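In: Predicted model, plus sequence, below.
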Amino acid sequence: MRIPNSVAREIIERVLTGEDYRPVIVQLIDAEFLNYVLDFFRQIVDAKLDGQRITGDWYRERMLLRGDIPKKEVATRAGLNLKTIQNARHTTCRKVVEEEELKHYEKLRQVIEELIQDDQHFGVEITLKLRNVSVTLDVAESLIVINALAVARAALRGGAWSTAGKQVEEPLMRTLCALHRVPKKHYDQKHIPKSERETDFCLLDTKGKVYRCEVKLLGKGNPESADAPLAREVQVFIADTISDTMKAQLDSRDILWMELRGAHDWQKFAEILDKLGIPHKPVPQGKEREWLERYLNVVIPIGGAYSAQIRETPADYSSEGDLLLDLE
């Protein structure tokens, strides 16, 4: 899953103006999930349109065992997350996925049958209609479908949060640098040694020394957010929220940090640049919103499609010239 430029841009804008960006991700998850549900239901109806006989095993044969279904989708339809299989078997080759999903599916059917027998006075049926064709799923089939959709929702949710965080890290830092009018050569990632390429972002001082930056758009209490800068020996940590305990730990390790939530004037980032000896100029007072909008137009232009790539172009981020965009 890749988030569209428009969503990534809105996240960065909200983060840099001290607003909560999480509703943007939730809306994206909702849209993706509803599209998935419609497509999933359409395939169920297609089984009937293709003349398939709807029997107790129709879901198993049509929705799981078809060879043209991606293994990740097969696992989801069986009520499993692909990561669960990988953690258990240390592989996700198609043969293993099919073995695991069929075992899980049969156990799921058994559990559902037992539940139905225990409460025969309660029933659930899902009726799907497409044009003039109507397909009704019985209680067992309906519960299997509901379970598969729950797994799909969970997978989409995890993927969206992870992707959003990774996708906006670099453009967020580029925007911060551009707003402070840092010369491009001090944050041009093409100048970073290959050994540092796994780092979220790097800054370079006037002597070419590299400073590793960790960026986390995660809330308080997230252990991965708290451990990352300490485990990876970074020099700068940027996050939307940082607990008081974490701030004390960062200070004790001499790790420079900036909490984005509520940081409307970005002064903390200017202090970080000062301490690293990286040249910069303050954003003119009263111009913050205007400059943010104009820099975002360059750093992350809106492409409209989900496949749009957020990547620098040689014209935008080469070290020839000084500023990304001179607004004065």
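Out: Everything's here; your move.
In: For the rest of this, base every contact and every neighbour count on C-alpha atoms.
Out: OK.
In: How about the secondary structure of the residue nearest to residue 205 when sequence neighbours are not counted?
Out: Spatial nearest neighbour of residue 205, chain neighbours left out: residue 278 (5.0 Å); criterion: C-alpha to C-alpha, 6 or more residues apart in numbering. Here residue 278 is recorded as coil under DSSP: H, G, I helix; E, B strand; the rest coil.
In: May I have the residues that are in contact with residue 278?
Out: 182, 186, 204-206 (C-alpha atoms under 8 Å, 6 or more residues apart in numbering).
In: Could you break this structure into its assigned domains?
Out: Listed by automatic domain parsing, the domain ranges of the chain are 5-158, 169-317.
In: any low-confidence regions in the stretch 101-250 of the chain?
Out: Within the stretch 101-250 of the chain, the stretches with pLDDT under 70 are 120-122, 195-197, 218-232.
In: What ranges does it have for its helices?
Out: According to DSSP state H, counting those that start in this stretch, the stretch 101-250 of the chain carries its helices in the segments 139-179, 223-231, 244-252.
In: Comparing these, which comes out most buried?
Out: helix 139-179 (a mean of 19; mean count of other C-alpha atoms under 10 Å).
In: Same list (the domains of the chain) but as TSV, adding distance to residue 327.
Out: Below are the domains of the chain laid out as TSV (distance: least, C-alpha to C-alpha, whole Å):
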stretch	distance to residue 327
domain 5-158	18
domain 169-317	8
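In: quick one, which of the ones you listed is nearest to residue 324?
Out: domain 169-317 (6.2 Å; C-alpha to C-alpha).
In: List the buried residues in stretch 63-82.
Out: Neighbour-count burial for stretch 63-82 flags 63-64, 71-82 (criterion: 16 or more other C-alpha atoms under 10 Å).
In: Could you list the residues in contact with it?
Out: Here stretch 63-82 has contacts from 44, 92, 94, 97-98, 101-102, 104-105, 144-145, 147-149, 151-152, 155, using C-alpha under 8 Å, 6+ apart.
In: What of stretch 135-146?
Out: Contacts of stretch 135-146 (C-alpha under 8 Å, 6+ apart): 45, 48, 59, 77-79, 108-109, 112-113, 116, 123-129.
In: would you turn the helices of the stretch 101-250 of the chain into a markdown table with distance to residue 268?
Out: Formatted as a markdown table, those follow (distance: least, C-alpha to C-alpha, whole Å):
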| stretch | distance to residue 268 |
| --- | --- |
| helix 139-179 | 11 |
| helix 223-231 | 18 |
| helix 244-252 | 13 |
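In: quick one, which of the ones you listed is nearest to residue 285?
Out: helix 139-179 (11.9 Å).
In: ok, back up a step: just the pLDDT at the residue nearest to residue 205, thanks.
Out: Looking at residue 278, its pLDDT is 95.
In: now it: how far from residue 266?
Out: 16 Å (C-alpha to C-alpha, to the nearest Å).
In: Next: residue 180.
Out: From residue 180 to residue 266 the distance is 9 Å (C-alpha to C-alpha).
In: who are the neighbours in contact with the nearest residue to residue 5 once chain neighbours are set aside?
Out: In space, and not counting its chain neighbours, residue 5 is closest to residue 302: 5.2 Å by C-alpha to C-alpha, 6+ apart. By C-alpha under 8 Å, 6+ apart, the contact list for residue 302 reads 5-6, 9.
In: and the residue lying closest to residue 247 once chain neighbours are set aside, how many neighbours?
Out: The shortest distance from residue 247 to any non-neighbouring residue, by C-alpha to C-alpha, 6+ apart, is to residue 257 (7.7 Å). When neighbours are counted by other C-alpha atoms under 10 Å, residue 257 registers 23.
In: picking that back up, show me how to select, in PyMOL, the buried members of the contacts of residue 278.
Out: Selection of buried members from those for PyMOL, criterion 16+ other C-alpha under 10 Å:
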select buried, resi 182+186+204+205
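In: when you check the contacts of residue 278 against the strands, which ones overlap?
Out: residue 204 (DSSP state E).
In: Let me have the contacts of residue 278 in TSV, adding distance to residue 291 as columns.
Out: Below are the contacts of residue 278 laid out as TSV (distance: C-alpha to C-alpha, whole Å):
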residue	distance to residue 291
182	14
186	20
204	23
205	24
206	25
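In: Return the closest of the contacts of residue 278 with respect to residue 170.
Out: Once C-alpha to C-alpha is applied, the member of the contacts of residue 278 that ends up nearest residue 170 is residue 186, at 14.0 Å.
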